[in-house]
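Peer 1: Just need the structure, nothing else, for what follows:
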Amino acid sequence: MKPNQRPRMLHVHSGFDPGGKELRCVQLVRAFPKADHVIVSGDPERMGAARLLQGLGNVTFPKDFPALTGKPWPGRLKKIAAAMAGFDLILTYNWGAMDAAMAHTLFADVYRLPPLVHHEDGFNEDEAKRLKKRRNFFRRIALGRCAALVVPSETLERVALETWELPRTKVRRIPNGIDVGAFSRAPKADALPSLIKRKGEKWVGTLAGLRAVKNLPAMVRAFAALPEEWNLVIAGEGPERAAIEAEADRLGVEHRVHLPGFVDDPARIVGLFDIFALSSESEQQPISVIEAMAAGVPVAAPDVGDVAGMVAEEQAEFIVAPPVGENLAPALAALAGDDALRERLGKANKRKARAEYDAKTMIERYRALYWGIMGRNP
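Peer 2: Here you go, the predicted structure:
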């Protein structure tokens, strides 16, 4: 790359629907306008986050990238490697892009490929409780020539070092960050077009892709016993919508369970939540929890990933052991029944979010990493 040439970054995702890693990718693309970004989705039907980058002249979404799924035969991986040539940095995300990392390891010299940085943010339901041995073996080989592996949590950092056996020099932990100030603004009751928070109503809320690993029917069960003034708002899209609605119908709380769809600006609505809830079987360092903290909302969640260490110390008893269906309900009930407690915990969360999770720090760490690997000054 010539000194004055704009760097070209290739982002390889298995899907680009809005979720934690995709929204962080959007955040970083917007933060790096002096680079050209090419974003690939292994599933062309899952491109919902692309609308958050509309109008940016430095972002493209090619539709002819080789398939990211299939048997990892050399011929197929070679096609992926050939498609990664001509860039200055390759950025891959999660297990769904691991074939691209393997293609880089096998054919980097053949195609003179640029450095690769892999990002690992967590696991789907098929590895939520236990990592698969074959996948661990594949990861060790595929990540053998990566320039760096970026993880947001201490849990994933241990996995990378101990299970995947990457050298300490390659593993970088960069905690997620958000625009903390944006979440401090008072939200409007009608911030959601399809749902208005009425006087006297109280909301348990969450932001989540409606996927099986998020275990959202269990959240409905945990919520169901709360008094009538409480509503459950699950903002997100995904294949589990019908299962969530069916559980609400079964429990007779369908009139108090709302699924308004994906919210492109969480800062508009998170402050409407009186309690933020999480029910996931697997998380690492969920951005949605940071957003709730920044908005001054107490959190009830399972003890997964780094969640217990993320929230304020005063929150400890509301980070519960699995199973979620049994243990989340008492936490929600205790918070719902004590206005002063919710206010105190919310203020403690806000202080911690301001001190530790501002986006500026995260962005500068990614900038230093990416440009350093490319051998350029930011």
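Peer 1: how about the helices of the chain, start to end?
Peer 2: Listed in chain order, the helices of the chain (DSSP state H) span residues 20-31, 74-83, 98-111, 133-142, 154-158, 216-223, 241-250, 287-294, 307-310, 324-336, 339-356, 359-374.
Peer 1: The nearest residue to S194 once chain neighbours are set aside: what's it in contact with?
Peer 2: Spatially, and ignoring its direct neighbours in sequence, S194 is nearest to P260 (5.1 Å; C-beta to C-beta, 6 or more residues apart in numbering). The C-beta positions use only the backbone N, C-alpha and C, and glycine is treated the same way. Shown in contact with P260 (C-beta atoms under 8 Å, 6 or more residues apart in numbering): 192-195, 233, 235.
Peer 1: coming back round to it: now mean neighbour count too, for the helices of the chain, in JSON lines please.
Peer 2: Output for the helices of the chain, formatted as JSON lines (neighbours: other C-beta atoms under 10 Å):
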{"stretch": "helix 20-31", "mean neighbour count": "20"}
{"stretch": "helix 74-83", "mean neighbour count": "17"}
{"stretch": "helix 98-111", "mean neighbour count": "21"}
{"stretch": "helix 133-142", "mean neighbour count": "16"}
{"stretch": "helix 154-158", "mean neighbour count": "18"}
{"stretch": "helix 216-223", "mean neighbour count": "24"}
{"stretch": "helix 241-250", "mean neighbour count": "16"}
{"stretch": "helix 287-294", "mean neighbour count": "27"}
{"stretch": "helix 307-310", "mean neighbour count": "19"}
{"stretch": "helix 324-336", "mean neighbour count": "19"}
{"stretch": "helix 339-356", "mean neighbour count": "17"}
{"stretch": "helix 359-374", "mean neighbour count": "17"}
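Peer 1: Columns distance to T169 and mean pLDDT on top of those helices, output as JSON lines?
Peer 2: Output for the helices of the chain, formatted as JSON lines (distance: least, C-beta to C-beta, whole Å; pLDDT from 0 to 100):
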{"stretch": "helix 20-31", "distance to T169": "23", "mean pLDDT": "94"}
{"stretch": "helix 74-83", "distance to T169": "25", "mean pLDDT": "97"}
{"stretch": "helix 98-111", "distance to T169": "17", "mean pLDDT": "97"}
{"stretch": "helix 133-142", "distance to T169": "16", "mean pLDDT": "96"}
{"stretch": "helix 154-158", "distance to T169": "13", "mean pLDDT": "91"}
{"stretch": "helix 216-223", "distance to T169": "39", "mean pLDDT": "96"}
{"stretch": "helix 241-250", "distance to T169": "44", "mean pLDDT": "97"}
{"stretch": "helix 287-294", "distance to T169": "27", "mean pLDDT": "94"}
{"stretch": "helix 307-310", "distance to T169": "25", "mean pLDDT": "92"}
{"stretch": "helix 324-336", "distance to T169": "37", "mean pLDDT": "91"}
{"stretch": "helix 339-356", "distance to T169": "25", "mean pLDDT": "96"}
{"stretch": "helix 359-374", "distance to T169": "12", "mean pLDDT": "96"}
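Peer 1: out of the ones you listed, which comes closest to G57?
Peer 2: helix 20-31 (12.0 Å; C-beta to C-beta).
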